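> This is a predicted model, with the sequence first.
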Amino acid sequence: MLFWSVISAAFIGPGTVTTCSLAGASYGTSLLWALTFSILATIVLQETAARLTLASGKNLGEIMLLRHGSGGIWICRLLAFGVILGCAAYEAGNLLGAVAGLKLIAEPPSWILSIAIGIAAYFVLAIRNISILTRLLGLIVFILGFAFILVSIQAFQDPSRIVVNSLVPNFPENSALVITGLIGTTIVPYNLFLGSGIGQGQSVGEMRQGIILAVLIGGLISMSILLAGTLISGDFSFQNAARVLGQSLGPSGEILYAVGLFGAGFTSVVTAPFAAAITAKSLLSVSPIQTTYVWKSVLCFGVIFGLLQIKPIPVILAAQVANGLLLPFVTWQLFRCVNDTNILPEKFINSKVQNIFLILIFLVTLFLGGNSIFRALI
């Protein structure tokens, strides 16, 4: 479970904290169902990507190259460029989110915090043992999760309503973009390459248990953030959220929110370069030294923009377009690969139920991708 919690660490970042808190503050618990769908979809996609690797001995990028032949080289290169671009673009936001968490409880200059977080992330990424790295990130996820769960306890006024809203779709007025954000911030394309790249050496049973537990815990954390958001009144900002929670829960509420926000930011500061490196290795078959250059470049990109206190807006817009195209494409590739008897033994091929789930997820990601591109263009 700790090993696979790197998947949760990758999708729970400042963007998740912002989107889930905003959803809770604006619509109460009525959008919990979107997180339920996201959690189930993430489990299905991650299990499929990891099963491909365990059954074939090849990672997702190698399998795609095998299926497409020599013409697939350009497809893999474009995919790699899109995923690495997205990791680099969001790295600055991850770092600024971690800084914002620390600024809620301390007042050192932001540039000092940016450098300190960048150095800490560098040393964590320098750990060459993937097993140790993923477990370390898993522990941080549990710490931030514990903080948000404690904060959200105050929102458990009507448990039956929470259960109903977690299972029954509801579309409040003007909630379409927030619903899209809740799903899009949980289902991310680079996580599929990350999960495929680290899963070798496990049995299918171990992999399934680890992914299900880790993603469920990540989903529980996201739901806790949304529930904590229901306690927030007025315009949403990290400062306002911490202040309101401090008023509701006492000083501990503000501190716990700060710890959770910092933990979400820091784990994403580490996992974005890590995922970029795994993706480069998977899709481009680069050497270990070149892989090191990839994660160092992504980390430096984030630190530089963090020091400048700006987000790389044009690059983020480009990344949104890239991710909008990547998510349905990668989902469709997974569907094709996991039903290909030339790649997988018969016992690892998808069942009819699994295929129905994958097709449904493909249609939703196609909508999300189109919406992401539309939002970027306007």
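Perfect, thanks for sending it.
> List the contacts of the helix or strand harbouring Ser166.
Per DSSP states H and E, Ser166 falls inside helix 159-167. Residues from elsewhere that reach helix 159-167 (Cβ atoms under 8 Å, 6 or more residues apart in numbering): 29-33, 35-36, 156, 223, 227. C-betas here are computed from N, CA, C, even on glycine.
> where along the stretch 51-200 of the chain do the helices fall?
Taking DSSP state H, counting those that start in this stretch, the helices of the stretch 51-200 of the chain run over residues 60-68, 72-103, 110-125, 130-152, 159-167, 176-184, 189-198.
> Give the buried residues for the helix or strand following the last one.
Once the chain leaves helix 189-198, the next helix or strand it forms, by DSSP H and E, is helix 204-229. When neighbours are counted by 16 or more other Cβ atoms under 10 Å, the buried residues of helix 204-229 are found to be 207-208, 210-229.
> Check stretch 5-19 too.
Counting neighbours by 16+ other Cβ under 10 Å, stretch 5-19 gives 5-19 as buried.
> And the nearest residue to Phe266 once chain neighbours are set aside, how far from Thr48?
Excluding the flanking residues, the one nearest Phe266 by Cβ to Cβ, 6 or more residues apart in numbering is Ala98, at 4.7 Å. Distance of Ala98 to Thr48, given as Cβ to Cβ, to the nearest Å: 31 Å.
> now do Asp340
12 Å.
> Compare the two and say which is more crowded by neighbours.
The neighbour count for Asp340 versus Thr48, taken as other Cβ atoms under 10 Å, is higher for Thr48 (23 against 15).
> wait, what's in contact with the more buried one?
Thr48 neighbours (Cβ under 8 Å, 6+ apart): 334, 338, 350, 354, 358.
> rerun at 6 Å
334, 338 (Cβ atoms under 6 Å, 6 or more residues apart in numbering).
> lowest-pLDDT helix or strand in this structure?
When each helix and strand of the chain is scored by mean pLDDT, DSSP states H and E, helix 313-337 comes last, with a mean of 73.
> Downstream of it, the next helix or strand is which one?
Downstream of helix 313-337 (by DSSP H and E), the next one is helix 352-377.
> any idea of the mean pLDDT for that next one?
The average pLDDT within helix 352-377 is 82.
> now do stretch 262-273
88.
> wait, what's in contact with the nearest residue to Arg243 once chain neighbours are set aside?
Excluding its sequence neighbours, the residue lying closest to Arg243 (Cβ to Cβ, 6+ apart) is Glu254, at 7.0 Å. By Cβ under 6 Å, 6+ apart, the contact set of Glu254 is 242, 245-246.
> Can you name the next helix or strand after the helix or strand hosting Glu254?
Per DSSP H and E: Glu254 is located in helix 251-284. Helices and strands here follow DSSP H and E; after helix 251-284, the next one along the chain is helix 288-307.
> How about that next one, which residues are buried there?
For helix 288-307, by 16+ other Cβ under 10 Å, it's 291, 294-295, 297-299, 301-307.
> Quick check, central residue of the protein?
Closest to where the C-alpha atoms of the chain average out (Cα atoms, centre = their mean) is Phe11, at 1.5 Å.
> doesn't Gly184 make contact with it?
No: here Phe11 lies out of contact with Gly184, judged by Cβ atoms under 6 Å, at a distance of 10.0 Å.
> residues near the residue nearest to Phe3 when sequence neighbours are not counted, how many?
Distances taken as Cβ to Cβ, 6+ apart put Thr134 closest to Phe3, at 4.9 Å, once the chain neighbours are dropped. Neighbourhood size, Thr134 [other Cβ under 10 Å]: 23.
> ok, Thr134 to Ser222 distance?
Counting by Cβ to Cβ - Thr134 and Ser222 are separated by 20 Å.
> Appreciated, that's everything.
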